[in-house]
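**Q** Just the structure for this:
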Amino acid sequence: MGLQIHFVVDPQGWCCMGIIIFVWLYNTVFIPKVILFPHYEEGHISAVAILCYYLCSLFCIVSLLRSSVADPGRLPENPKIPLTEREFWELCNKCNMMRPKRSHHCSRCGHCVRRMDHHCPWINNCVGEDNHWLFLQLCFYTQLLSSFTLILDFCHYYYFLPLKKTNWDFFVFRHELALIRISTFMGLVILGGISGLFYTQLMGIFTRRGPWSAWPTSCWARPRWPP
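**A** Numbering: from 1, shown residues only. Predicted structure coming up:
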């Protein structure tokens, strides 16, 4: 599916997104080096666990990048409004453009977005009609990766057999306990926040309050504007 590129110039959004990328990079680098690879070398886990972890990490970062640059449903400057649907349009008092009802003007992006849900600083983009499914993917993969990381952190101390040999010349093994505690803290915070957000998003869809169900029944199929 082709997606239009949408880039938001917002230093605060860049900072928030940078924090998310740092957390992802931290767990992608240190968790395999501290837990997965040493236990794999001693036969405590299989290569499938390492492959699954990297796949979860890959899906998570790809969904983050896609949701952050995908067009959320920006309205064109001169949309062609069908005569049968003009009653479902209104004038935006901020940008003085016609827009469908239930569209909203985002002050950070500077334009109106169809069926806008909210502006998410963590992806530096709005969540609207065209990228809401990508945002749900991001929430799902983030929960999956956070849960996987927390399980590995727990198993490293309470389930896996103790490591027989460790190369103490590496920084990560000298500070193993601190690194895993930081990973556990970040995993708990992100899992708790994302799980609550994912639940509210799903409830909004199922109860017809989300951006996918914002139009009246009589105009369920949104008009297709020319690019």
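**Q** So which residues of this protein form strands?
**A** Here the chain has its strands, by DSSP state E, at 89-91, 98-100, 104-106, 111-113, 118-120, 125-127.
**Q** Throw the ones you listed into JSON lines and include mean neighbour count and mean pLDDT, thanks.
**A** Yep, even glycine has a C-beta here, placed from its N, CA and C like the rest. Converted to JSON lines, those look like this (neighbours: other Cβ atoms under 10 Å; pLDDT from 0 to 100):
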{"stretch": "strand 89-91", "mean neighbour count": "13", "mean pLDDT": "78"}
{"stretch": "strand 98-100", "mean neighbour count": "19", "mean pLDDT": "79"}
{"stretch": "strand 104-106", "mean neighbour count": "19", "mean pLDDT": "84"}
{"stretch": "strand 111-113", "mean neighbour count": "23", "mean pLDDT": "84"}
{"stretch": "strand 118-120", "mean neighbour count": "19", "mean pLDDT": "86"}
{"stretch": "strand 125-127", "mean neighbour count": "28", "mean pLDDT": "88"}
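**Q** who wins for proximity to residue 66 among these?
**A** Residue 66 lies closest to strand 125-127 among these, at 10.2 Å (Cβ to Cβ).
**Q** what helices or strands is the closest one leaning on?
**A** The contact analysis (3 or more Cβ pairs under 8 Å, 6 or more residues apart in numbering; DSSP states H and E) places strand 125-127 against helix 47-69, strand 118-120.
**Q** can you do 10 Å?
**A** Applying 3 or more Cβ pairs under 10 Å, 6 or more residues apart in numbering; DSSP states H and E, one finds that strand 125-127 contacts helix 47-69, strand 104-106, strand 111-113, strand 118-120, helix 132-158.
**Q** returning to what we had before: figure out which of the strands of the chain is closest to residue 133.
**A** Closest to residue 133 of those is strand 125-127 (Cβ to Cβ; 10.1 Å).
**Q** So what are the sheet partners of the closest one and their directions?
**A** strand 118-120 (antiparallel) (DSSP bridges).
**Q** Please work out which residues outside the partner strand touch it.
**A** 8, 10, 13, 16-17, 67-68, 72, 104, 106-109, 113, 125-128, 131, 135, 138, 197, 201, 211 (Cβ atoms under 10 Å, 6 or more residues apart in numbering).
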